[in-house]
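Enquirer: when you get a sec, could you give me coordinates for this:
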Amino acid sequence: MNPSTEQTPAREQVRGELDLLITESVNEAYRDLDTWSTTDLVRAMNAEDQQVPQAVAAAEVEIAAAVDGVAERIANGGRLLYVGAGTPGRLGVLDASEIPPTFGVSPDLVVGVIAGGTVAIQHAVENAEDRADQGAADLEALGVGPKDAVVGIAASGRTPYVLGALQYAREAGAFTVAVSSNPGSTASSVAEVGIEVVVGPEFITGSTRLKAGTAQKLVLNMISTLAMIRLGKTYGNLMVDLQATNDKLRSRALRTVMLATGASAEVARTTLDTVQGSVKEAILVIKTGLAPAEARDLLARHGGRLRAAEQHAQA
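Expert: Numbering: from 1, shown residues only. Here you go, the predicted structure:
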């Protein structure tokens, strides 16, 4: 028998587990989709994707719990770490990569950990997801501890690498969250908070980079973005901690100061120059009349929370 097709007990067990997962089930409506017109394929796939926001809405309570837990750990000096294999791992790396320029934080604050290491971001690393011990080892190498929050992402909710990471994180005292697309997942039983975004069978059977991946992206957007809001990284819905590292972002910083204060472009630009480009400090200077050094000190005393600093100055 060909070794690649031999059914070992371990493979039989995995196959049996997959047979029970919604994410691996077959949508009978699409049995002959390879015979459809392109327009019909587009329409059908888009219709399937409409289910994702509703599935995310059904998990709002759990997502809110995750946001609060993550924000609390970061506020006390911890980090947010995403852990996944394949598509979930790449989505975690993507979300982590976007946080520093958006909210002006250190690249070490939100970390994406992917099975197989950085090479797996662009290339599949075979069998990497099967190593529960490696998931634990990767978090140990990063010094994960009680201050941190760890979000494990796995559509199936049973990926060994993710389970090993979550188990290690929980034993280390970290706040743990599992994001999956199957009800009653193993990952949810390991983590403190289980976010199960059940999107049903995929358009292409088992291709969880589709609806499940879209759901994961939405959930990660919520966790990181809303945690940053809780931490005072926005003023209303304005990005006031953005890092103006290119012309587009410098223009956005100027526009943000103008929107927040009603100041002219000239006043906003001049004030930004006096505070070394800090959007928060520029807004506080314009709205309160404080000197730049006073605005900087007041923000520091309020943990960088612009609204709290403004209210203190105007009290």
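
Enquirer: who does the helix or strand where V70 lies touch, helix- and strand-wise?
Expert: Using DSSP states H and E, the element containing V70 is helix 60-75. Applying 3 or more CB pairs under 8 Å, 6 or more residues apart in numbering; DSSP states H and E, one finds that helix 60-75 contacts strand 80-84, strand 149-153, strand 175-180, strand 193-196, helix 211-230. Using the backbone N, CA and C atoms, a C-beta is placed for each residue, glycine as well.

Enquirer: I'd like to know which helix or strand in the protein has the lowest mean pLDDT.
Expert: Ranking every helix and strand in the chain by mean pLDDT, DSSP states H and E puts helix 9-19 at the bottom, with a mean of 51.

Enquirer: state the next helix or strand along the chain beyond it.
Expert: Next element after helix 9-19 (DSSP H and E): helix 38-49.

Enquirer: can you name every helix or strand that that following helix contacts?
Expert: Under the contact criterion of 3+ CB pairs under 8 Å, 6+ apart, helix 38-49 touches helix 211-230.

Enquirer: the helix it packs on - contacts with which helices or strands?
Expert: helix 38-49, helix 51-57, helix 60-75, strand 80-84, helix 87-103, strand 149-153, strand 175-180.

Enquirer: now the residue positioned nearest the centre of the chain: closest residue in space that isn't a chain neighbour?
Expert: The structure's the chain has its C-alpha centroid closest to L220; by CA atoms, centre = their mean the separation is 2.8 Å. What sits nearest to L220 in space, not counting adjacent residues and going by CB to CB, 6 or more residues apart in numbering, is D95, at 4.4 Å.

Enquirer: returning to that earlier point: residues contacting the residue nearest to the centre of the chain?
Expert: Listed by CB atoms under 8 Å, 6 or more residues apart in numbering, the contact set of L220 reads 82, 91-92, 95, 151, 153, 179.

Enquirer: follow-up on the earlier one: out of the helices and strands packed on helix 60-75, flag the one nearest V119.
Expert: When these are ranked by distance to V119, counting by CB to CB, first place goes to strand 80-84 at 15.0 Å.

Enquirer: and the average pLDDT for that closest one is what?
Expert: Mean pLDDT, computed over strand 80-84, is 98.

Enquirer: walk me through the domains of the protein.
Expert: 51-230, 234-314 (automatic domain parsing).

Enquirer: how many neighbours does G303 have?
Expert: For G303, the neighbour count with other CB atoms under 10 Å is 11.

Enquirer: just say helix, strand or coil for it.
Expert: Put simply, G303 is coil when judged by DSSP: H, G, I helix; E, B strand; the rest coil.

Enquirer: for the spatially closest residue to it that is not a sequence neighbour, phi and psi?
Expert: Distances taken as CB to CB, 6+ apart place G232 nearest to G303, at 6.5 Å, with adjacent residues excluded. With angles defined as degrees, to the nearest 10, G232 sits at phi 80, psi 20.

Enquirer: how near is G232 to V52?
Expert: 30 Å (CB to CB, to the nearest Å).

Enquirer: do R230 as well
Expert: Taking CB to CB as the measure, R230 falls 24 Å from V52.

Enquirer: between the two, tell me which one has more neighbours.
Expert: Per other CB under 10 Å, whichever of R230 and V52 has more neighbours is V52, with 22 against 16.

Enquirer: in the protein, what spans have low per-residue confidence?
Expert: 1-19 (pLDDT under 70).

Enquirer: recalculate using a threshold of 50.
Expert: 1-5, 9-10, 13-16 (pLDDT under 50).

Enquirer: not counting sequence-adjacent ones, nearest residue to Y30?
Expert: Distances taken as CB to CB, 6+ apart place F203 nearest to Y30, at 6.4 Å, with adjacent residues excluded.

Enquirer: how about the one you found, what does it touch?
Expert: Taking CB under 8 Å, 6+ apart, we find F203 in contact with 27, 30, 33, 44-45, 48, 210-211.

Enquirer: and stretch 276-289, which residues are buried?
Expert: For stretch 276-289, a neighbour-count test (16 or more other CB atoms under 10 Å) marks 277-288 as buried.

Enquirer: stretch 28-44 too?
Expert: By neighbour count on 16+ other CB under 10 Å, the buried set for stretch 28-44 is 30, 44.

Enquirer: centre of the chain to it, how far?
Expert: Once both centres are worked out by CA atoms, centre = their mean, to the nearest Å, stretch 28-44 turns out to sit 32 Å from its chain's centre.

Enquirer: can you tell me what sits against it?
Expert: When contacts are defined by CB under 8 Å, 6+ apart, stretch 28-44 is touched by residues F203.
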